[in-house]
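S.K.: attaching a predicted model along with its sequence, questions to come.
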Amino acid sequence: MIRTVLFCFKQSVIQMWRHKGRAFTTVFSITCTLLILALFFFLTVNITFATEALKAQFNTIEVFLLETTTEEDAQVMIKSLEHMDEVDKIEFITKDQAMEEFKDSWGSKGYLLDGLAANPLPNSLRVTLTDISQGDFVAQICSTFSGVEEVRYYATEVNKILRISDALQKICVVIIIFLIVISIFGVYNTVKLNVMSRQDEIMIMRFVGATNWFIRAPMLMEGVLLGAIAAGISLVLTSEVYGRCIELFNEQVKVLFSTGLVPRDFMMQNLTWIFLALGISIGSIGSIFAVRRFLRA
Amino acid sequence: MIKFEHVSKIYLASDGRNVGLEDATIQIDEGEFVFLVGPSGAGKSTFIKLITKEIDPDEGDIYVDGEKVTRLSHRRIPQLRRKIGIVFQNFQLLQNMTVFENVAFAMEVVHLTGRTIKRQVPTVLQMMGIEEKADRFPKQLSAGEQQRVAIARAIVNHPKMIIADEPTGNLDPDTAWEIMQLLDMINQKGTTVVVVTHDDKIVNRMGKRVVAISNGRIVKDSQEGVYGYDD
């Protein structure tokens, strides 16, 4: 058994070595697929994370109250909103609390606000939603209360971003599937040429009583090896490039989306399995097709 | 060893002519040496392909070594072929392997260990009188030497029978005769030998059993026969 596996392994390595150019082309094409896939993977994962963060950030409606509105009036509003299914919780934020938060958001420069003579911020209600898609409805109700100065809700903007990210993800999936098919075809061709160029050898193997499996195994192994090599190369490359991207862009991304890029370790842990699984599947599916078609019993 | 019972296999060739075998019944016993003769297209190759189950007959039954080949499952075909050593007219050696490797290849393919291979190959090469050519490549050998390698490869796994398809077709008469002597020697050791040929001089000189095929039919079967068939 071990001898057979070793024989197959040896045969497939010899085959690849003899046809270095062909093996290189195939590995190159799978690697390209995986790299482009990685690019889309990084994009989608980061977009998903960013939109999740956005969703969490924008599932609140800020209801700013008029100066004349008392806390009792506010409590009445809270009572009438509280029983709604769409509403998760409601906080009453006094103007002082609002000022504190505002200062915090300025960070180390918060002391600059100390110079203000009077607090210009109004009292407000912060309505947290159970479901962001119901935001518009709740916002509308809030605006009907008397004593409300302004209702601020970024639903439309958020929904726009969500739609874009959704479309992007779908496009990515289509492109990735397309690329996978192309690479499978690449492996198919490599193994096909391999089978063709070894017709003599295969015929002799048949006549001396080699089992079909024994004839096929080295060819299948070759496809799997090509896929695995490509996966390895892609992993090293993407790990390096993504690391560099984080170094370069993380700060800017944080400013733009208020969350940073997804950490490299998390990405690479997932990507290792995806790459190995995909590389090996591409390799084996391609070679299985070729062997089935050109190595009839 | 080989038994055909009313075997028919009809092909429609590209020129519209029917070729193959028609109602062939023949028995070849263990240890026999048989010449299969006939003009090209008479059905000789069909005969070989049927024995090795490259093709299946339209009708009739074929037995090899007591096993009904016609009912053999695809998975068992390799086992059948390990009982049969085949020698081709054009030798079919792998050009990128040495003589030793060519013979060893047949053993690797049937999962024999390296030690067995190292012991067995030189013995067979010696038997064929080409032991000192072990490290040569086929291109560096004469046609006769190449056929010796092919025979070495065919017998190295100790098959029960050797089928030689026009083994002397590419050889000069002297070399052809030498190859025949080798096949005769293998036969003396107990292996059944079937030689497909249309070399009448050799057939007559050997004086073995001759089975003649013409137009898909067995037209003659004679012990210690001479070459000849009715057209």
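M.R.: Great, that's in hand. Numbering: from 1, shown residues only, chains lettered A, B, ... in the order given.

S.K.: and stretch B:165-184, end to end?
M.R.: When the termini of stretch B:165-184 are compared using Cα to Cα, to the nearest Å, they are 15 Å apart.

S.K.: can you give me the helices in the chain?
M.R.: By default, I'm working from chain A. A:2-18, A:20-57, A:71-82, A:95-106, A:135-144, A:155-197, A:199-207, A:212-257, A:264-294 (DSSP state H).

S.K.: that's the wrong chain, I meant chain B
M.R.: With helices called from DSSP H, chain B shows them at B:44-51, B:77-81, B:99-109, B:114-127, B:143-155, B:173-188, B:200-206.

S.K.: using a markdown table, lay out the ones you listed together with distance to residue A:7, mean neighbour count and mean pLDDT.
M.R.: The way it works is simple: take the backbone N, C-alpha and C, and place the C-beta from them, glycine included. Below are these laid out as a markdown table (distance: least, Cβ to Cβ, whole Å; neighbours: other Cβ atoms under 10 Å in any protein chain shown; pLDDT from 0 to 100):
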| stretch | distance to residue A:7 | mean neighbour count | mean pLDDT |
| --- | --- | --- | --- |
| helix B:44-51 | 28 | 22 | 87 |
| helix B:77-81 | 15 | 19 | 90 |
| helix B:99-109 | 6 | 23 | 91 |
| helix B:114-127 | 10 | 15 | 92 |
| helix B:143-155 | 17 | 24 | 94 |
| helix B:173-188 | 28 | 17 | 94 |
| helix B:200-206 | 39 | 17 | 89 |
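
S.K.: so can I have JSON lines of those helices showing distance to residue A:130?
M.R.: Formatted as JSON lines, the helices of chain B follow (distance: least, Cβ to Cβ, whole Å):
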{"stretch": "helix B:44-51", "distance to residue A:130": "76"}
{"stretch": "helix B:77-81", "distance to residue A:130": "67"}
{"stretch": "helix B:99-109", "distance to residue A:130": "68"}
{"stretch": "helix B:114-127", "distance to residue A:130": "71"}
{"stretch": "helix B:143-155", "distance to residue A:130": "78"}
{"stretch": "helix B:173-188", "distance to residue A:130": "88"}
{"stretch": "helix B:200-206", "distance to residue A:130": "96"}
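
S.K.: export the helices of chain A as JSON lines, with columns for mean pLDDT, mean neighbour count and distance to residue B:128.
M.R.: Shown next, in JSON lines, are these (pLDDT from 0 to 100; neighbours: other Cβ atoms under 10 Å in any protein chain shown; distance: least, Cβ to Cβ, whole Å):
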{"stretch": "helix A:2-18", "mean pLDDT": "80", "mean neighbour count": "15", "distance to residue B:128": "25"}
{"stretch": "helix A:20-57", "mean pLDDT": "81", "mean neighbour count": "18", "distance to residue B:128": "36"}
{"stretch": "helix A:71-82", "mean pLDDT": "82", "mean neighbour count": "14", "distance to residue B:128": "99"}
{"stretch": "helix A:95-106", "mean pLDDT": "79", "mean neighbour count": "13", "distance to residue B:128": "92"}
{"stretch": "helix A:135-144", "mean pLDDT": "80", "mean neighbour count": "16", "distance to residue B:128": "89"}
{"stretch": "helix A:155-197", "mean pLDDT": "80", "mean neighbour count": "17", "distance to residue B:128": "29"}
{"stretch": "helix A:199-207", "mean pLDDT": "83", "mean neighbour count": "18", "distance to residue B:128": "17"}
{"stretch": "helix A:212-257", "mean pLDDT": "86", "mean neighbour count": "18", "distance to residue B:128": "26"}
{"stretch": "helix A:264-294", "mean pLDDT": "87", "mean neighbour count": "19", "distance to residue B:128": "34"}
